[in-house]
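Student: Generate coordinates for the sequence data below:
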Amino acid sequence: MSENTIKNIENFVDEVRDSGYKKVESFLTTNECLDLERNINKAFRKAKENNYHTKNSYVKILSISQDDAENIKYFNFLETFFNDSSIISFVKNYFETNEVEISKIFIAESSNNGEAVDVLPYKLHFDKTRYLKFMIYIRNVGPGDGGITFAKKEWNTKLQEELLSKQALQEENVVEVDDVSKIDEIVGEAGTGVIFDTNITHKAGQVLSKNKRLILRIDTRPKIIS
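Tutor: Okay, here's the model as predicted:
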């Protein structure tokens, strides 16, 4: 993958600021997703246990740092994302600072575990630690395939606003939404991207179909100066 393959996303900064999230059609091409899937499958086979964030019969998640991508051969394919000028420029503009970082990249494959659950991260919530995240669907995600879901910004509750203003946050804060017209589940073909601010109410997608969801997620934020 060359550095210039990611779609031009610069014009979406204001929309993400206004809405909290943005679905981006054709963030990557179908061929790029097929190439990524081959590399991801190799990484799953070769990765050490300490690289796994989660590993069980229905979900496996690898957590990769920039150092991993530069120094571990089967993670080298992720270097282009850590160094992508479009993503870095977007993050700088979004947070209005030149001091930003891509803290981690996660690759995750999820399948149906046989039951619907109503626990975090599958409940609508927002996070204490704020990130701007880029999620890319490597395979098609249709209804029931675990699309990430958002509450539209106008529905975010007064409680959330109060907690955000007071910094009185837990690590994850559940938000009750009782109007399904205010919920937006993001589905799309392989290559679909989603850019979102974790201050927006969201929930992870649980796979309820026979398909296996495969995604790549890039976590970004203002650089923490020690």
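Student: Report the contact partners of the residue lying closest to residue 138 once chain neighbours are set aside.
Tutor: Setting aside the residues directly before and after it, residue 138 is nearest to residue 214 in space (Cβ to Cβ, 6 or more residues apart in numbering), at 4.2 Å. For every residue, glycine as well, the C-beta is placed using N, CA and C. By Cβ atoms under 8 Å, 6 or more residues apart in numbering, the residues touching residue 214 are 37, 40, 107, 108, 109, 137, 138, 139.
Student: For residue 214, list each beta-bridge partner.
Tutor: Residue 214 has these beta-bridge partners by DSSP bridges: residue 109.
Student: now, which of the contacts of residue 214 lie within strands?
Tutor: If you go by DSSP state E, the contacts of residue 214 have 107, 108, 109, 137 in strands.
Student: Residue 98: neighbour count?
Tutor: The local packing of residue 98 (other Cβ atoms under 10 Å) involves 10 other residues.
Student: does it sit in a helix or strand, and which one?
Tutor: When elements are assigned from DSSP states H and E, residue 98 belongs to no helix and no strand.
Student: ok, it to residue 58 distance?
Tutor: 41 Å (Cβ to Cβ, to the nearest Å).
Student: Over to residue 122?
Tutor: Taking Cβ to Cβ, one finds residue 122 at 13 Å from residue 58.
Student: With residue 125 instead?
Tutor: Note on residue 125: its distance to residue 58, by Cβ to Cβ, is 21 Å.
Student: related to what we said a few turns ago, out of the ones in strands among the contacts of residue 214, who's nearest residue 32?
Tutor: residue 137 (12.0 Å; Cβ to Cβ).
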